[in-house]
Every structure is written in structure tokens, then in C-alpha cells.
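Undergrad: quick one: sequence plus predicted model below, questions after.
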Amino acid sequence: MGVAGFALRPDPAQEPAGLPALPARTLPGLSASLSLIHRGFSVGPEAMVLRGSDRRMYALGGVARLQAGSGRLRPFILIGAGSYSWDRKMVLAFAPAGGAVWTGDVTGFTGSLGGGLILGGRRTAMVVEARGHKNLGHGPDFGARDLLTISAGGRFSW
């Protein structure tokens, strides 16, 4: 699925000491999941990559969806969790090629909650979903990275 992520501005009190504050930013990306589906309930692993000009995020985890109804338009709720790793672009005076390098910023356990719609049949369908992602595994020295995402794509079943 294609993803539009909105990285919220971190709480300045939780940012690592000595690093510049990160602004809120929209990040485009992709996500994919592989699910086992039984009677409107699905569960399985998922991965997501978001990349912006000054920030990147990689996620690997799992998601469970519970859909209502059995018609062509089926709403669902979801809950997910996983490891989210954030990188930021840093300008270093001693770095080659203009001074900008990517550095690991924060990795932590993150939970997500959201919902969406499935439009189509059992084998192929379009999917749209919205989620809030809350960083749950940060400490005072590592900052927090919360995220809102809107995703759209296709589902293929066999």
C-alpha cells in the first residue's frame, strides 16, 4: 500500500540532548503485510518504510484486523505493534560530500490503532486505512516519535 505519514513534532523535553528539534513533517512511503484471514479476522506480519528529505522511518511488526459485514464495502478496526527505527539527516563539519550524513536517531516499541474500509470481493479488493502510531518504548534520553498515517492500496487473496 502507498502510505502518507505525518510525523508529529516530538516533545522537546524528550529529545536527545544537543540535537536540533525536529519539525512536524509529511513522509511518503510504502507498507506491506501478509495475513492469515478467517471469517473477517486477519493477523500477520507487516513492514513499512517512510522516507523524507531529513527523516526516515523503518517499521517491522504485526497487525490484527477485525472487519464488520460481508458485503462489497466492509469497515474494519485494527491494532498493531512493532519496532520502529527512525533516522535523521545530520550536518557534520567533518563529513565528506557536503557535510550531510544519515544517523540512527531512535528505535523503539510502537503501538498503532486505527480503522479503514475494504472495497471489493474476496479475492481482490481496494483497502484504505488511517492509523495513529504511538511510541511506547522511549526513555528520557531517546525522545519519542509518534506518527499518523493514511494508506491506500490493494489486497490479493488466494
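TA: Nice, thanks for sending it over.
Undergrad: quick one: pLDDT of the most centrally placed residue in the chain?
TA: Centroid check for the chain by CA atoms, centre = their mean gives residue 48 as the closest residue, at 5.7 Å. Predicted confidence (pLDDT) for residue 48: 96.
Undergrad: next: residue 156.
TA: According to the per-residue confidence, residue 156 scores 89 in pLDDT.
Undergrad: next up, the contacts around it.
TA: Residue 156 makes contact with 123-124, according to CB atoms under 8 Å, 6 or more residues apart in numbering. C-beta here means a position set from N, CA and C on the backbone, and glycine is covered the same way.
Undergrad: and the strands in the chain?
TA: Remark: strands assigned in the chain by DSSP state E are 2-7, 25-33, 36-38, 41-51, 55-67, 73-91, 100-120, 124-135, 147-156.
Undergrad: quick one: contacts of the fourth one?
TA: Applying CB under 8 Å, 6+ apart, the external contacts of strand 41-51 come out as 3, 5, 7, 27-36, 56-67, 80, 82, 147, 149.
Undergrad: show me which of the residues you listed are buried.
TA: Buried subset of the contacts of strand 41-51 (neighbour count, 16 or more other CB atoms under 10 Å): 3, 5, 7, 27, 29, 31, 33, 35, 56-59, 61, 63, 65, 67, 80, 82, 147, 149.
Undergrad: so where is the protein shaky, pLDDT-wise?
TA: 11-21, 91-99, 138-144 (pLDDT under 70).
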